[in-house]
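Chemist: Structure for this input, please:
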Amino acid sequence: MSTLPIADFLAGSLLTLLLPVALLIALVAWYWWFSARVPETADGRKGSTAAAATNPGPAVPENLPPEPGV
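Modeler: As a prediction, the model looks like this:
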């Protein structure tokens, strides 16, 4: 036991307050750093206007006969 009983109480109080606050600051800093690295989304920001090189759909030959009933 320490010579000043109040010292143990103060150390415990400071740890109880500072550890959660430090964890919160660390989580906010990590989230800010992570969100800064996420690529831009299509919410109005200007993106690439180049057309796609190929059709991303399934490969279907263009010389198929018409479907019956069409």
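
Chemist: where exactly do the helices run in the chain?
Modeler: Remark: helices assigned in the chain by DSSP state H are 5-37.

Chemist: Report the residue spans of it with pLDDT below the cut-off.
Modeler: 1-2, 41-61, 70 (pLDDT under 70).

Chemist: at 80 instead, please
Modeler: Where the chain drops to pLDDT under 80, the residues are 1-9, 39-67, 69-70.

Chemist: In contact with Trp30, which residues?
Modeler: Taking C-beta atoms under 8 Å, 6 or more residues apart in numbering, we find Trp30 in contact with no residue. Where C-beta positions appear, they are placed from N, C-alpha and C, glycine not excepted.

Chemist: how close does it get to Leu24?
Modeler: 11 Å (C-beta to C-beta, to the nearest Å).

Chemist: same thing with Pro66?
Modeler: Distance from Pro66 to Leu24, by C-beta to C-beta: 65 Å.

Chemist: Which one's more surrounded, the two?
Modeler: Leu24 (10 against 6; other C-beta atoms under 10 Å).

Chemist: Look up how far Gly12 lies from Ala22.
Modeler: 16 Å.

Chemist: before we move on, what about Leu23?
Modeler: The value you get for Leu23 to Gly12, if C-beta to C-beta is used, is 17 Å.
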